[in-house]
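In: have a look at this prediction, sequence included:
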Amino acid sequence: MDQAKIEVNNLYKIFNGKKKREISLLENGLSKDDILEKTGATVAVNKANFKVMPGEIFVIMGLSGSGKSTLLRCLNRLIEPSKGTVKIDGQDITKLNSKELRNYRRQKYGMVFQNFALFPYRTVQANAEFGLEIQGVSANIRKAKAASALETVGLSGYEQQKPNQLSGGMQQRVGLARALAVDPDILLMDEPFSALDPLIKKEMQDMLLDLYQQINKTIIFITHDLDEALKLGDRIAIMKDGEIVQIGNHEEILNQAENDYVAEFVQDVNRSRVLTAADIMSKPVALLYPQAGLKTALHKMRQNKLASIFVLGKEHKVKGIVKIKNVVSAINNGQQKLKDLIEKVPTASPGETVNSLFAKIAELDTPIPVLNEKDQLKGVIVKTDVIANLATDQI
Amino acid sequence: MNQFADFISWLVGIVETVLAYPEPLVLIVVLALLAWQFKRASLGLFVFLGLSLVLNLGMWDNLIITLASIITSVFIALAIGIPLGILKAHNKVLDYISRPILDFMQTIPPFVYLIPALMFFGLGNVSGVIATVIFAIAPPIRLTALGIKQVNDELEEAGQAFGANWWQVLIKIELPAAMPSILMGINQCIMLSLSMVVISAMIGAGGLGKPVLRSLNIVNIGLGFEAGLGVVIIAVILDRMFDRA
Ligand SMILES: Nc1ncnc2c1ncn2[C@@H]1O[C@H](COP(=O)(O)OP(=O)(O)OP(=O)(O)O)[C@@H](O)[C@H]1O
Ligand SMILES: [Mg+2]
């Protein structure tokens, strides 16, 4: 077998304690709560063991306070482990002195944070250059590398903006570009998409997967969302009270839950019950306004390979849908007005479940729009998305 | 002690020479243009009118002396205060012991500083500068430390995650993030220095403070008003030039 990229052995992290005492208590079978009560110390990571292979996406998931962030930070020693070893490419980094550690961080790691942690006083470009600056890379190379990282995450053209001028999703793209710019072996991502809207979150996940195909880095990804874990992870580790209670691939996690805790987690993913319209909707690729002519409508649909297109009125309210076949015959009959061709469609709300969507969409040959409480268009859902997400229910 | 005094009077001398080198009108126009360029046209206009007025009142030489001592005092106060503030932000012990000292320095009436300054350095500009520095140094220390302590931990963590060392974290993260607070400290330092103009005239410092003091002694309201107006004009200009917006 190949050399593991990351290998963690018997790793502990105790906050506010004497370490030795708490670790021996843990070994004697006391729980995190017992120890907190008895000694006032917090067990954040309890005897973690795992290996990550090069080029793997390894997801660590668990509820809030289960020790995910702490475990992740032990990997680059932003938090010093209380006991245990962390080997990167076979080298135990817990033995490095502070200068060696800094060099290691510069070369091996890129990190992405839940709340982005962008430098508000720097432009997008300067944020992306940060890691290279720390490495002492010359200005020209820095500029070029940062620009190419920004391009990779789809932010070309935003270089001179400040982070607070960007939306949350775009800010996290900057965060990702900052990490990618140093071309690290390992990407550490601490709940990078948790702060984002569902739609943006999905977009970012897709982008990460795309990117992952191109760059082939080892990624440690933290989340508390099993859907996200299943979507991104090659393997998933589930944490509870500082302990890793199970590690496995999708199948193993979903079908062979090793204990009740995991089973409970997995049950929550009974997908058609949990997934809602907001989770599976996508951005409309093209829209029309009522004053548009028939030719425009036809052009837009052809250009985007659509069979139908939504028509929006004032304030993003959906007027209805126009089908390409009707537009074509109207043009042939010499009609002028788009208005007469607009048909009503059933609509969905963001909270609607996939099951109920299926009932609505099954007989339709058009997508359905998802509207918020003000009837404004939030996204569209096509039949195949609904069916795909029903199908995973049957795993 | 003497070398220190020499150094300060040398500094004041240099600033004074530089400021007095151009024709007054030339300097006024240059300053007005700077104010216009970096701030607003209205401030440029104010600088032009205000300084011309001082020139007209025959207070120009005093104005230069006052400006030179303020610039020197502020320069010294910042050169000491900002590094101290940085240390204070990073060192718990220093933070703890500096607090009562700074409180004490800020509550004590400024006249009190005149006594040791006078004892060590005698009458003159040097004593004025020293008393001014002591009086004006607290805000840059405090506000630098405060600004740095308020920097989001996540930003420092990000810096460390990319392998930044102590110096890089300071220069690339802490200072720029704390800049608004530091600028506020600078502004307050300037304002406190200005408020010492008249007081340091009591120990023989030259400048606009001198006629103010003399007018008090001889009860010459006109003279006092003219010199006081000069002080106010500098105060407004410096405050507006060094505020954040
Ligand atoms: N610096 C610290 N000092 C003391 N206790 C800490 C510290 N950091 C974390 N803890 C504790 O360690 C435990 C694990 O925290 P951690 O932040 O790793 O959890 P998490 O799984 O990342 O949670 P979340 O999903 O909320 O981010 C928690 O009980 C937390 O209170
Ligand atoms: Mg966390």
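Out: In hand now; what should we look at? Residues are numbered from 1 along each chain as shown, chains lettered A, B, ... in the order given. Ligands and ions are numbered 1, 2, ... in the order given.
In: report pLDDT for the closest residue to residue A:198 other than its chain neighbours.
Out: Excluding the flanking residues, the one nearest residue A:198 by Cβ to Cβ, 6 or more residues apart in numbering or on different chains is residue A:278, at 4.6 Å. C-betas here are computed from N, CA, C, even on glycine. Residue A:278 is assigned a predicted lDDT (pLDDT) of 82.
In: what is the neighbour count of residue A:278?
Out: 21 (other Cβ atoms under 10 Å in any protein chain shown).
In: secondary structure class for it?
Out: helix (DSSP: H, G, I helix; E, B strand; the rest coil).
In: got the contact list for residue A:113?
Out: When the contact criterion is Cβ atoms under 8 Å, 6 or more residues apart in numbering or on different chains, the partners of residue A:113 are A:175, A:190, A:192, B:154, B:157-158.
In: now do the residue lying closest to residue B:170 once chain neighbours are set aside against residue B:80, distance only.
Out: Closest residue to residue B:170 in three dimensions, ignoring its sequence neighbours and counting by Cβ to Cβ, 6+ apart: residue B:86, at 6.8 Å. Taken as Cβ to Cβ, to the nearest Å, the spacing of residue B:86 relative to residue B:80 amounts to 11 Å.
In: which of these two has more neighbours?
Out: Between residue B:86 and residue B:80, residue B:86 has the larger neighbour count (other Cβ under 10 Å), namely 20 against 14.
In: so which bits of the helix or strand hosting the more buried one are buried?
Out: Using DSSP states H and E, residue B:86 sits in helix B:60-90. Neighbour counts using 16 or more other Cβ atoms under 10 Å in any protein chain shown place B:60, B:62-74, B:76-78, B:81-82, B:84-86, B:88-89 of helix B:60-90 among the buried residues.
In: tell me the bridge partners for residue A:221.
Out: For residue A:221, the beta-bridge partners are residue A:59, residue A:189 (DSSP bridges).
In: wait, a helix at residue A:322?
Out: No: residue state for residue A:322 (three-state DSSP) corresponds to strand; a helix is not indicated.
In: can you pull the contacts of it?
Out: By Cβ under 8 Å, 6+ apart, the contact set of residue A:322 is A:288, A:297, A:308-309, A:311, A:338, A:341-343.
In: point out where chain B drops to low pLDDT.
Out: In the prediction, chain B carries residues with pLDDT under 70 at positions B:1, B:244-245.
In: what's the helix or strand for the residue of chain B found nearest chain A?
Out: In chain B, no residue comes nearer to chain A than residue B:163, which is 3.4 Å away by Cβ to the nearest Cβ. With elements taken from DSSP H and E, nothing contains residue B:163; it lies in neither a helix nor a strand.
In: so what's it up against?
Out: With contact taken as Cβ under 8 Å, 6+ apart, residue B:163 is in contact with A:102-107, A:109, A:131, A:134-135.
In: swap the cut-off to 6 Å and go again
Out: With Cβ atoms under 6 Å, 6 or more residues apart in numbering or on different chains as the criterion, the residues that contact residue B:163 are A:102, A:105-106, A:134.
In: any idea how far it is from residue A:119?
Out: The gap separating residue B:163 from residue A:119 is 16 Å, by Cβ to Cβ.
In: and residue 142, how many neighbours?
Out: Looking at chain A here, since you left the chain open. Under the neighbour criterion other Cβ under 10 Å, residue A:142 is assigned a count of 21.
In: wait, I meant chain B there
Out: Residue B:142 is flanked by 23 other residues according to other Cβ under 10 Å.
In: how about residues contacting the host helix or strand of it?
Out: Counting by DSSP H and E, the element that carries residue B:142 is helix B:138-149. Among residues not part of helix B:138-149, those counted as contacts by Cβ under 6 Å, 6+ apart are B:78, B:81-82, B:84-85, B:88-89, B:102, B:105-106, B:174, B:178, B:181-182, B:184-185, B:188-189.
In: chain center to stretch A:281-288: distance?
Out: From the chain centre to the centre of stretch A:281-288 is a distance of 21 Å (Cα atoms, centre = their mean, to the nearest Å).
In: restricting to C-alpha, output that stretch in CSV.
Out: Taking C-alpha atoms only, stretch A:281-288 is exported to CSV below (Å, rounded to 0.1, in the frame of the first residue of the first chain):
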residue,chain,number,x,y,z
MET,A,281,-33.2,23.8,-6.7
SER,A,282,-30.7,25.4,-9.1
LYS,A,283,-30.3,28.8,-10.5
PRO,A,284,-32.4,29.5,-13.6
VAL,A,285,-30.0,29.6,-16.6
ALA,A,286,-32.1,32.2,-18.4
LEU,A,287,-35.2,34.3,-17.8
LEU,A,288,-37.5,36.5,-19.8
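In: mean confidence for stretch A:347-355?
Out: Stretch A:347-355 shows a mean pLDDT of 83 in the predicted model.
In: report the buried residues of that stretch.
Out: Of the residues in stretch A:347-355, those buried by neighbour count under the rule 16+ other Cβ under 10 Å are A:348, A:350, A:352-354.
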